[in-house]
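**Student:** please work out how this folds:
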Amino acid sequence: MAQKLRERGYQNVWALQGGFDAWRNAGMPVESKTKAA
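**Tutor:** Here you go, the predicted model:
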């Protein structure tokens, strides 16, 4: 996924070893947006 984003011109893109789950499990910051009902 990161490579495809770079090919489309995105510059600050990183591939995370272990993916998003590893990031979250390490206690790193995560933002979420919820839609108002």
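
**Student:** any idea how far residue 10 lies from residue 21?
**Tutor:** Distance, residue 10 to residue 21, by Cβ to Cβ, to the nearest Å: 22 Å. Using the backbone N, CA and C atoms, a C-beta is placed for each residue, glycine as well.

**Student:** residue 8 now?
**Tutor:** Shown here: residue 8 relative to residue 21, a distance of 24 Å by Cβ to Cβ.

**Student:** same question, residue 15
**Tutor:** 14 Å.

**Student:** tally of neighbours for residue 35?
**Tutor:** If you count neighbours by other Cβ atoms under 10 Å, residue 35 ends up with 4.

**Student:** ditto for residue 13
**Tutor:** Residue 13 has 13 nearby residues by other Cβ under 10 Å.

**Student:** where does the chain have low pLDDT?
**Tutor:** For the chain, the stretches with pLDDT under 70 are 36-37.

**Student:** mind listing what's buried in the helix or strand where residue 23 lies?
**Tutor:** In the assignment (DSSP states H and E), residue 23 maps to helix 19-25. Buried residues in helix 19-25, defined by neighbour count with 16 or more other Cβ atoms under 10 Å: none.

**Student:** what does that helix contact?
**Tutor:** 16, 30 (Cβ atoms under 8 Å, 6 or more residues apart in numbering).

**Student:** helix, strand or coil for residue 11?
**Tutor:** coil (DSSP: H, G, I helix; E, B strand; the rest coil).

**Student:** just give me the neighbour total for it.
**Tutor:** So residue 11, with other Cβ under 10 Å, has 6 neighbours.

**Student:** swap in the one 3 residues further on?
**Tutor:** The local packing of residue 14 (other Cβ under 10 Å) involves 8 other residues.

**Student:** look at it and tell me its secondary structure.
**Tutor:** Per three-state DSSP, residue 14 ends up coil.

**Student:** pretty sure it is touching residue 2, no?
**Tutor:** Yes - if you go by Cβ atoms under 8 Å, residue 14 and residue 2 touch, sitting 6.3 Å apart.
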